[in-house]
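Trainee: sharing a sequence plus its predicted fold:
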Amino acid sequence: MAKKKTPTAVFKVQGPGGQATPAPPIGPACGQYGVNPGQFVQQFNERTKDMNGMPVAAVVSVYADRTFDFIIKSPPAAALLKRAAKIDKGSGVPNREKVGTVTRADLEEIAKTKMKDMNCHGDVDAACKTIAGTARNMGLEVVG
């Protein structure tokens, strides 16, 4: 029976899905823990090639023999909301200046995408409320 390895270090890194490079911030973060940045970036890009530059987080576990594995997380809610509202950035003063709108259907789609990384315990309605709060804090108006 194979002995389960315990990680010597665990760190998070975020990069563009399918387009990451060993340049900062990924390269230095990997190098700090003894992970080969080129090897990590190659595997990261292979697993996230369908995300087309959307920011994606990864939780990397490093082992004593300098091997590693990582878990891909879903893109940040703000990035998904910007894509749904077709805007470049959120509002500087979200309580006064609205920069776009998202529908209830958009919120449900984003909530389903992020469900495995949220602590809503499978409740889509609770996840929608969380995503709606993020939308309001970005200066987006929730309609429908």
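Mentor: Cool, the structure landed.

Trainee: residues near the closest residue to Val35 other than its chain neighbours, how many?
Mentor: With sequence-adjacent residues excluded and distances taken as Cβ to Cβ, 6 or more residues apart in numbering, Val35 is closest to Phe68, at 5.0 Å. (C-beta placed from N, C-alpha, C; glycine too.) Using other Cβ atoms under 10 Å, Phe68 has 21 other residues around it.

Trainee: Phe68 against Pro37, yeah?
Mentor: No - contact criterion Cβ atoms under 8 Å: Phe68 and Pro37 do not qualify, at 11.0 Å.

Trainee: residue contacts, Tyr33?
Mentor: 9, 11, 60, 62 (Cβ atoms under 8 Å, 6 or more residues apart in numbering).

Trainee: which sections of the chain are below the confidence cut-off?
Mentor: 1-3 (pLDDT under 70).

Trainee: strands along the protein, start to end?
Mentor: Per DSSP state E, the chain carries strands over the ranges 9-16, 55-62, 68-72, 100-103, 140-143.

Trainee: now do the buried residues in the first one.
Mentor: Of the residues in strand 9-16, 11, 13-16 count as buried by neighbour count, 16 or more other Cβ atoms under 10 Å.

Trainee: pick the one among these closest to Gly90.
Mentor: For those, the minimum distance to Gly90 (Cβ to Cβ) is 17.7 Å, reached by Gln14.

Trainee: is that closest one bridged to anything, and to what?
Mentor: Applying DSSP bridges to Gln14 gives these bridge partners: Ala57.
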